[in-house]
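Sequence first, then the predicted structure, then my questions.
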Amino acid sequence: MTLTPALTDKLKNPRIVVAGGFTDGKWNTVSSRGKVFRVSNPATGEVLAQISDLSTKATKEAIEAAHAAQPAWAALAAKERADLLKGLNRLMIEHADDLATVLTLEMGKPFAEAKGEILYGAAFIEWFAEEARRVYGDTIPGHTANTRITVIKQPVGVVGVITPWNFPNAMLARKLAPALAVGCTVVAKPAAETPLSALAIARLMEWAGFPAGVFNVVPGTDAAAIGEELCANPKVAKISFTGSTNVGRTLMRQCADGIKRMSMELGGNAPFIVFDDADLDAAVAGAMASKFRNAGQTCVCANRIYVQSQIHDRFVARLGEEMARLKVGDGLEEGVTIGPLITDKAVDKVTELVGDARDQGAVIVMGGTPTGEATFYPPTLITGATKAMRLAREEIFGPVAPVFRFETVDEVIDLANATEFGLAAYFYGRDIAKVTRVAEALQYGIVGINTGLISTEVAPFGGMKQSGFGREGSKYGIEDYLDIKYLCLAV
């Protein structure tokens, strides 16, 4: 199991990553199946590492370690757990440049975005370190004169965490932090495309002094087998998953027999609505921030841009001007704002969606054709989009901005809600009555009003409908890792 110079030569401290799984405080650099898998830079194709390809046996061992460690971890004072999390937060900030470099190399996003993700992830560690000391219960007046009723909250136990490739640091941090804060232990399965960020977090936790078994990482390409073991193993009390709705359905079925607790952050199809009374410059800036972050590879990025007829042409012109300033390239190069898509398959999917729109009469104002270099795809602006097109129904997951024209408030509310997804939505307007009406009518767990940036550790992140359930971040996010126990004492 090796790290290559394509990775280590770019790090200030190459020891921050180890090419193996992490179980019970030990690094597993030998696969139980005798296999390794490659992690490559999507911008260049260079191999960054060969990682132990772990599967069911290693997952069971990690679960056993987490189960054995959990009682002692939960028994620590909240302040002790908080202090360890604060130490992890300090190390993440101290090593932010190296963590961002690792992230850019394995995922492709520009370095500035990658560093922003690292600091965003660290903010969840800090937030939940502070929340660890605020897991309050209640005293309830008894129902008879001789009874005393108390409500306490206790950790659910071992948590299986399955994270995606598009935010490999932050998605893990915002699940790991509340779980550890309340006394749960964790077994993490990172995406096979981007395991290095998770392994770097494990390394920092080792340096921070976390007890063995509290955090375990199982990297591997057999996601189905690892996921099934996490869902079926009775020693895992809860699954927290971020990924596609289809995989989420599979995990729910696998958890059903055990009636296992779950948190699911699934797919999205975010509408971005611009009313005719909007601040046009602010709306364009918001669309750029929402649509092109991470090359459009986010669950909350604008997927359908609805613009009221009166300002449609002006908005399209301004958006096109801003899109023309985007620079596509290797995320470590100066000035690059759009990195590669994660795989060739991702490029093919975006190409199919754009082709379908073109075939149905959409106008490709700019872009629309793969560059032919690595997995880069150019920023693409489409007008004349309609609800019949696939890109109106499916997540694009690429730097493609389809613009739909609409006339009335009622019409656009119906169009925005005409999807099984309900993660994030955005709209721009100034009339307070309309703002209130639209905000309440949109069937989404998160609504950005006159802003395209909605993610923060202090607010609850999560969806409605088939975008999942549960919340991450804020005071609400910690509740998903706790059981409520009612104590009735007769005196």
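Nice, thanks for sending it over.

Who are the contact partners of the residue nearest in space to the middle of the chain?
When Cα atoms, centre = their mean is applied to the chain, the residue found nearest the centroid is Met171 (4.1 Å). By Cβ atoms under 8 Å, 6 or more residues apart in numbering, the contact set of Met171 is 163-164, 242. Using the backbone N, CA and C atoms, a C-beta is placed for each residue, glycine as well.

which residue sits closest to it, ignoring its sequence neighbours?
Once flanking residues are discounted, Met171 sits nearest to Thr163: 4.5 Å by Cβ to Cβ, 6 or more residues apart in numbering.

And the helices in the stretch 101-250 of the chain?
111-131, 170-182, 196-208, 223-232, 245-256 (DSSP state H, counting those that start in this stretch).

if you compare those helices, which one is most tucked away?
Neighbour counts (mean count of other Cβ atoms under 10 Å) averaged over each of the helices of the stretch 101-250 of the chain peak at helix 170-182, with a mean of 28.

tell me the average confidence for it?
The average pLDDT for helix 170-182 rounds to 98.

what about that helix, distance to the chain center?
In terms of Cα atoms, centre = their mean, to the nearest Å, the centre of helix 170-182 is set 12 Å apart from its chain centre.

same deal with stretch 317-337?
23 Å.

Residues in contact with that stretch: which ones?
With Cβ under 8 Å, 6+ apart, stretch 317-337 has contacts from 10, 43-44, 101, 104-105, 108-111, 113-114, 280-281, 284-285, 287-288, 292, 338-340, 365-367, 371, 376-379, 381, 399, 401, 403.

Cross those residues against strands and list the overlap.
If you go by DSSP state E, the contacts of stretch 317-337 have 365-366, 381, 401, 403 in strands.

of those, buried ones?
365, 381, 401, 403 (16 or more other Cβ atoms under 10 Å).

Hmm, Ile305 and the last one touching each other?
Yes - proximity of Val403 to Ile305 meets the contact threshold set by Cβ atoms under 8 Å, at 4.8 Å.

distance of Gly286 from Arg203?
37 Å (Cβ to Cβ, to the nearest Å).

tell me the contacts of Ala69?
Taking Cβ under 8 Å, 6+ apart, one finds 24, 185, 211-214 in contact with Ala69.

now these in CSV, with neighbour count, pLDDT and distance to Cys255?
Shown next, in CSV, are these (neighbours: other Cβ atoms under 10 Å; pLDDT from 0 to 100; distance: Cβ to Cβ, whole Å):
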residue, neighbour count, pLDDT, distance to Cys255
Asp24, 17, 97, 24
Thr185, 29, 98, 18
Pro211, 15, 98, 27
Ala212, 15, 98, 27
Gly213, 24, 98, 23
Val214, 24, 98, 23
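
Now the two most distant members of the ones in strands among the contacts of stretch 317-337.
Distance extremes for the ones in strands among the contacts of stretch 317-337: the farthest pair is Met366 and Val403 at 11.9 Å, using Cβ to Cβ.

hey, what's in contact with both of these two?
Going by Cβ under 8 Å, 6+ apart, residues that sit against Met366 and also against Val403 are Leu381.

for this protein, which spans come out with low pLDDT?
For the chain, applying pLDDT under 70 flags the ranges 1, 30-33.

Show me how it divides into domains.
The record's domain split for the chain, according to automatic domain parsing, is 2-266+467-488, 270-456.

Figure out the length between the terminal residues of the first one.
Read that as domain 2-266+467-488. Using Cα to Cα, to the nearest Å, one end of domain 2-266+467-488 lies 57 Å from the other.

Which residues does stretch 473-491 contact?
124, 127-128, 131, 134-135, 146-156, 159, 174, 178-179, 181-182, 184, 238, 240, 261, 263, 456-461, 470-472.

Show me the residues you listed that map onto strands.
Those of these lying in strands (DSSP E): 147-155, 159, 238, 240, 261, 263.

Put the buried members of those residues into a ChimeraX selection.
Selecting only the buried entries of the ones in strands among the contacts of stretch 473-491 in ChimeraX, with 16+ other Cβ under 10 Å as the criterion:
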select :153,155,159,238,240,261,263
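
which of the ones in strands among the contacts of stretch 473-491 sit farthest apart?
Thr147 and Ser240 (36.3 Å).

that older thread, from memory the residue nearest to Met171 sits against Ala191, does it?
Yes - between Thr163 and Ala191 there is a contact under Cβ under 8 Å: 6.4 Å.

Among these two, which residue is more densely surrounded?
Neighbours were counted for Thr163 and for Ala191 using other Cβ atoms under 10 Å; Thr163 has more, 27 against 22.

residues in contact with the more buried one?
Counting by Cβ under 8 Å, 6+ apart, Thr163 has contacts 171-172, 175, 188-191, 198, 242.

so how far is Arg318 from it?
From Thr163 across to Arg318, the span is 36 Å (Cβ to Cβ).

Could you look up the SS state of Thr386?
Following DSSP: H, G, I helix; E, B strand; the rest coil, Thr386 is assigned to coil.

State the phi and psi torsions of it.
phi -130, psi 170 (degrees, to the nearest 10).

residues in contact with it?
In this structure, Thr386 makes contact with 360-362, 392, 404, judged by Cβ under 8 Å, 6+ apart.

What number of residues are in the vicinity of the closest residue to Leu453 other than its chain neighbours?
Excluding the flanking residues, the one nearest Leu453 by Cβ to Cβ, 6+ apart is Ala289, at 5.5 Å. Residues contacting Ala289 under the criterion other Cβ under 10 Å number 17.

Would you confirm that Ala289 contacts Ile454?
No - the pair Ala289 / Ile454 is not scored as a contact, 9.8 Å apart, by Cβ under 8 Å.

how many other residues sit next to the residue nearest to Val409 when sequence neighbours are not counted?
Leaving aside its sequence neighbours, Val409 sits nearest to Lys434 (Cβ to Cβ, 6+ apart; 6.3 Å). Applying other Cβ under 10 Å, we find 14 residues neighbouring Lys434.

before we move on, what about Lys235?
15.

Test my guess that it contacts His67.
Yes - counting by Cβ under 8 Å, His67 is a contact partner of Lys235 at 4.4 Å.

Please enumerate the shared neighbours of these two.
Common neighbours of Lys235 and His67 (Cβ under 8 Å, 6+ apart) are 157-158.

out of everything not next to it in sequence, what's closest to Pro190?
If the residues on either side of it in the chain are set aside, Pro190 comes closest to Ala198, at 3.8 Å by Cβ to Cβ, 6+ apart.

Next one: that neighbour from Asn146, what distance?
53 Å.

for stretch 412-419, the distance to its chain's centre please.
24 Å.

That stretch: which residues count as buried?
412-413, 415-417, 419.

could the contacts of Ala69 go into JSON lines alongside distance to Tyr481?
Below are the contacts of Ala69 laid out as JSON lines (distance: Cβ to Cβ, whole Å):
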{"residue": "Asp24", "distance to Tyr481": "21"}
{"residue": "Thr185", "distance to Tyr481": "11"}
{"residue": "Pro211", "distance to Tyr481": "18"}
{"residue": "Ala212", "distance to Tyr481": "21"}
{"residue": "Gly213", "distance to Tyr481": "17"}
{"residue": "Val214", "distance to Tyr481": "14"}
